[in-house]
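Undergrad: Here's a sequence, model it:
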Amino acid sequence: MILDLRIPMGLMFTLVGVILGVFGLATNSNAALYARSLGVNCNLWWGLVLLAFGLTMLLLGLRGQKKLELAPPAPPDEESLRRGH
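TA: The predicted model follows:
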């Protein structure tokens, strides 16, 4: 089984994006927390960026995985045939 690396990466970034976005939404009314960033809710915005990136990686990974499953298997090379594997 061949696993596309974009699938676990997409899951990880999506999960971190959701956590950061929810934290940003929960602390949106706390002006003192965002005073250092000139009132910009960085947690919410970066959570949305990470969520979008994670979903993109996940979508591309699942699409690539489906292409791998539909492709015919490669013929064995001569070396593996001589070894009997």
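Undergrad: Setting the sequence-adjacent residues aside, check what's closest to Ala31.
TA: Nearest-residue entry for Ala31: Gly39, 7.0 Å, with adjacent residues in sequence omitted and distances by Cβ to Cβ, 6 or more residues apart in numbering. Placement of C-beta: from N, CA and C, glycine included.
Undergrad: Give me the number of neighbouring residues for the one you found.
TA: Other residues near Gly39 come to 8 when the count uses other Cβ atoms under 10 Å.
Undergrad: same deal with the one 3 residues further on?
TA: Other residues near Cys42 come to 14 when the count uses other Cβ under 10 Å.
Undergrad: got it, and Leu15?
TA: Leu15 sits with 13 neighbouring residues when counted by other Cβ under 10 Å.
Undergrad: And it, how far from Ala26?
TA: Using Cβ to Cβ, to the nearest Å, one obtains 17 Å as the distance from Leu15 to Ala26.
Undergrad: hmm, who's touching stretch 7-18?
TA: When contacts are taken as Cβ atoms under 8 Å, 6 or more residues apart in numbering, the neighbours of stretch 7-18 outside the stretch itself are 47-62, 65.
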